[in-house]
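Novice: Make a model of this:
(2 chains)
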Amino acid sequence: DQQVKQNSPSLSVQEGRISILNCDYTNSMFDYFLWYKKYPAEGPTFLISISSIKDKNEDGRFTVFLNKSAKHLSLHIVPSQPGDSAVYFCAASPYGSSNTGKLIFGQGTTLQVKP
Amino acid sequence: DTAVSQTPKYLVTQMGNDKSIKCEQNLGHDTMYWYKQDSKKFLKIMFSYNNKELIINETVPNRFSPKSPDKAHLNLHINSLELGDSAVYFCASSPGPGTGNQPQHFGDGTRLSIL
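Specialist: Predicted structure coming up:
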């Protein structure tokens, strides 16, 4: 039973436009949500996170929104750049994992930003 | 200057063999992890060590045995390899076992193929 789901396997946007990547979760007992970005043949790199007590976190071109009632989070990238083309993973940390670092990952969404 | 390095990058071997994957981090982190990315692209936590102590041990066959000789190294030994073990294995580290404010840094992965 997959607790974190990214239902869109891929997304294509034009350079300069907004990219919106979505993530749904089933377990309300998550206390942190994170986004990672992965290029081919490399490991995931941390992008941005949000605590479950917040509904928005912004870092430069990247903003994560959390809707706890809908068990949904999204990553907005504005403006999108060709270098943003990568696989984006959503991850969640269960309550009580603050002393283990356990993360549950979605299956990723491949973003292509066209010049 | 690689922060989390895994060796080998590729590993092709026969069913039934025993193999090891090595991981080293030079970030001074206390916590290290092993993840498996299967054919469906989900990244799943296998093990985690904090200061050489095992803190996460997910439901993984006991053919998989992690070893942490010191906090900068976490190796993964796999006995009696099976076809289903074919996957990409990622090592990661974090300053401590927290989550949202202590993101994990990943190596570039080891692609294991069982013939």
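
Novice: drop to CA atoms for contacts and neighbour counts, all remaining ones
Specialist: Will do.

Novice: Quick check: residue A:66 is in a strand.
Specialist: Yes. According to DSSP: H, G, I helix; E, B strand; the rest coil, residue A:66 belongs to a strand.

Novice: and it, what pLDDT?
Specialist: For residue A:66, the model assigns a pLDDT of 97.

Novice: OK, contacts around it?
Specialist: Going by CA atoms under 8 Å, 6 or more residues apart in numbering or on different chains, residue A:66 touches A:50, A:52, A:54-56, A:72-74.

Novice: count of neighbours near residue 2?
Specialist: In the absence of a named chain, chain A is used. Residue A:2 has 12 neighbouring residues, counting by other CA atoms under 10 Å in any protein chain shown.

Novice: actually chain B
Specialist: Residue B:2: 11 neighbours (other CA under 10 Å).

Novice: Any regions of chain A where pLDDT drops low?
Specialist: Applying pLDDT under 70 to chain A flags residues A:1, A:96-99.

Novice: repeat that for 80
Specialist: A:1, A:95-100 (pLDDT under 80).

Novice: Pull up the residues of it that are close to chain B.
Specialist: With CA under 8 Å from any CA of the partner chain as the criterion, chain A meets chain B at residues A:32-34, A:41-46, A:49-51, A:93, A:97-108.

Novice: if we can go back for a sec, show me which of the contacts of residue A:66 are buried.
Specialist: Buried residues within the contacts of residue A:66, counting neighbours by 16 or more other CA atoms under 10 Å in any protein chain shown: A:50, A:52, A:56, A:72-74.

Novice: Tell me, how many residues neighbour the residue nearest to residue B:39 when sequence neighbours are not counted?
Specialist: Excluding its sequence neighbours, the residue lying closest to residue B:39 (CA to CA, 6 or more residues apart in numbering or on different chains) is residue B:87, at 6.7 Å. Around residue B:87 there are 19 other residues, counting by other CA under 10 Å.

Novice: same thing with the one 3 residues further on?
Specialist: For residue B:90, the tally of surrounding residues (other CA under 10 Å) stands at 28.

Novice: just residue A:71 next, same as before
Specialist: 15.

Novice: Pretty sure it sits against residue A:26.
Specialist: Yes. Using CA atoms under 8 Å, residue A:71 is in contact with residue A:26, at 6.7 Å.

Novice: Under a three-state scheme, what state does residue B:48 occupy?
Specialist: The local conformation at residue B:48, judged by three-state DSSP, is strand.

Novice: I'd say it and residue B:56 touch.
Specialist: Yes. With contacts counted by CA under 8 Å, residue B:48 reaches residue B:56, the gap being 4.7 Å.

Novice: Common neighbours of the two, please.
Specialist: Common neighbours of residue B:48 and residue B:56, using CA under 8 Å, 6+ apart, are residue A:100.

Novice: quick one: which of these two has more around it?
Specialist: More crowded of residue B:48 and residue B:56, by other CA under 10 Å: residue B:48, with 28 against 19.
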